[in-house]
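>>> For reference, the sequence and a predicted model appear below.
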Amino acid sequence: MASDVNKAMRRYVADRAYHVCEYCLIHEDDTFWGCEVDHIISRKHGGTSDPANLAWACASCNSSKGSDLDTLVGHGSEPIRLFHPRSEKWAQCFQLHGVRVDPLSAVGEATVKLLRMNETNRLNERLTLAATGRYPTIEALARMTE
């Protein structure tokens, strides 16, 4: 976690996201490693620690994303940028089919691919949570409709 993101800022980012990963929608209480602040555009690429560049992300999504801004999708050679939680609505890029996060756009496709949202272990985690009524949570449903 970035040292220039203080405790109050982390709390603000978490509260703004309803304590749900802004990418895969898992609640921080339901993931072993919890959630953390993600620099949407990493500091490595000139991103700041301003709230407009910060997202709440589970450890799985954040570690898969790293400092990447885009990825190649399909056979095209053009990079496709990743989802930006501050400037895009989740439901414009993704939709839930059960526990699977399906892309609705090229940006969604790039993000699902790079963040490995639908790998077997991630789907199994969400299936287990769904069986107990914890996926999607009411907070996740709120994030989906904003």
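Nice, I can see it. Numbering: from 1, shown residues only.

>>> Which residue, other than its chain neighbours, is closest to the residue minimising distance to the centre of the chain?
The C-alpha lying nearest the average C-alpha coordinate of the chain belongs to residue 23 (C-alpha atoms, centre = their mean; 1.9 Å). Once flanking residues are discounted, residue 23 sits nearest to residue 61: 4.2 Å by C-beta to C-beta, 6 or more residues apart in numbering. The C-beta positions use only the backbone N, C-alpha and C, and glycine is treated the same way.

>>> pLDDT score assigned to that neighbour?
Note on residue 61: pLDDT of 98.

>>> okay, the longest helix along the chain in PDB with CA atoms only?
Counting residues, the longest helix in the chain under DSSP state H turns out to be helix 120-131. C-alpha atoms of helix 120-131 as PDB (Å, rounded to 0.1, in the frame of the first residue of the first chain):
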ATOM      1  CA  THR A 120     -11.600 -21.100 -11.800                       C
ATOM      2  CA  ASN A 121     -10.400 -20.200  -8.300                       C
ATOM      3  CA  ARG A 122     -12.100 -16.800  -8.400                       C
ATOM      4  CA  LEU A 123     -15.300 -18.300  -9.700                       C
ATOM      5  CA  ASN A 124     -15.300 -20.900  -7.000                       C
ATOM      6  CA  GLU A 125     -14.700 -18.300  -4.300                       C
ATOM      7  CA  ARG A 126     -17.800 -16.300  -5.600                       C
ATOM      8  CA  LEU A 127     -19.900 -19.500  -6.000                       C
ATOM      9  CA  THR A 128     -19.200 -20.300  -2.300                       C
ATOM     10  CA  LEU A 129     -20.100 -16.800  -1.300                       C
ATOM     11  CA  ALA A 130     -23.300 -16.900  -3.500                       C
ATOM     12  CA  ALA A 131     -24.400 -20.100  -1.800                       C
END
